[in-house]
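Sharing a model prediction with you, sequence too.
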Amino acid sequence: MSSETLLTVGFDLDMTLIDSRPGIKAAYQVLSAETGTFIDADEAITRLGPPLEEELAFWFPEAEIPAMADRYREIYPTHAIDPTPAMPGAREAVLAVQALGGRAIVVTAKHEPNARLHLDHLGIKPDALVGWLWAEAKAGALREYGAQVYVGDHVGDVRGARAAGALSVTVPTGPCPEPELREAGADVVLADLTELPAWLAQYARTRTA
């Protein structure tokens with residue numbers, strides 16, 4: 001089967017495949033304690049999706065952000081991996097793609113080594129992982145792998161899917177509620193990933209018809 005016809009489904013990571021709120025909160029609390037800078041970790045985890053640097057800009061002067069981002073990423077493996085669970089249906093969603101003979105890829109804004117730690121820890125095994133990409137920038141990786149579908153929880157994921165010419169499938173399990181996802185142009189809104197295997201089976205049937 002050629003790369004053009006191989007079923008390829010991309011997934012976002014934070015709040016799509018994993019509930020990263022507990023781990024990210026812990027990492028921000030450690031960074032706050034180390035630096036003596038107040039970070040409202042509870043508020044920060046309501047804005048998950050965009051790159052780390054956008055959140056750090058709420059708490060640190062611009063000149064300090066690169067160093068704080070580096071330190072956060074160093075802290076992250078120790079404090080954020082163990083507390084972070086998979087989202088309901090995450091493993092099954094990835095396996096559903098592979099069971100159809102397809103390829104599941106993860107395309108995320110997260111620091112790629114830390115994203116890999118999460119996936120390995122939770123036993124989620126995509127066929128490829130690409131990090132450091134947000135919103136429209138995700139389109140390059142999605143096009144490279146020939147993804148026909150991109151699954152995410154954020155309007156930025158919708159923009160990435162649309163920029164790649166992929167079907168935007170969304171779950172309102174992150175900061176963006178269903179109306180916001182639909183307004184952004186999502187093609188499909190599922191309640192959560194537990195609904196993806198059935199949707200995917202129907203999509204695969206219509207795609208090959």
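Happy to help now that I have it. Residues are numbered from 1 along each chain as shown.

what about residue 42, how many neighbours?
11 (other CB atoms under 10 Å). In short, each C-beta sits where N, CA and C put it, glycine included.

tell me which element it falls in.
Assignment of secondary structure by DSSP states H and E places residue 42 within helix 41-44.

Could you list every helix and strand that the next helix or strand after that helix packs against?
The C-terminal neighbour of helix 41-44 among helices and strands, as given by DSSP H and E, is helix 52-56. Where contact means 3 or more CB pairs under 8 Å, 6 or more residues apart in numbering; DSSP states H and E, helix 52-56 is packed against helix 65-80.

shouldn't residue 24 be in contact with residue 80?
Yes: in this structure residue 24 lies within contact range of residue 80 using CB atoms under 8 Å: 6.1 Å.

which residues in the protein form strands?
Under the criterion DSSP state E, the chain carries strands at the ranges 8-11, 103-107, 128-130, 149-152, 167-170, 188-189.

Would you point to the one among those strands that's packed deepest?
Among these, the stretch with the highest mean neighbour count (mean count of other CB atoms under 10 Å) is strand 149-152, at a mean of 30.

how about JSON lines for the strands of the chain, with mean pLDDT added?
Supplementary listing: the strands of the chain in JSON lines, determined by pLDDT from 0 to 100:
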{"stretch": "strand 8-11", "mean pLDDT": "98"}
{"stretch": "strand 103-107", "mean pLDDT": "98"}
{"stretch": "strand 128-130", "mean pLDDT": "98"}
{"stretch": "strand 149-152", "mean pLDDT": "98"}
{"stretch": "strand 167-170", "mean pLDDT": "98"}
{"stretch": "strand 188-189", "mean pLDDT": "98"}
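
For those strands, give me a markdown table that also has distance to residue 158.
Listed next are the strands of the chain as a markdown table, based on distance: least, CB to CB, whole Å:
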| stretch | distance to residue 158 |
| --- | --- |
| strand 8-11 | 12 |
| strand 103-107 | 13 |
| strand 128-130 | 18 |
| strand 149-152 | 7 |
| strand 167-170 | 5 |
| strand 188-189 | 10 |
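
Domain boundaries for this structure, per the record?
According to automatic domain parsing, the chain is divided into the following domains: 8-19+85-208, 21-80.

Highest mean neighbour count out of the ones you listed?
For the domains of the chain, ranked by mean neighbour count under the definition mean count of other CB under 10 Å, the leader is domain 8-19+85-208 at a mean of 20.

Point out where this protein drops to low pLDDT.
Under the criterion pLDDT under 70, the flagged ranges of the chain are 1-4.
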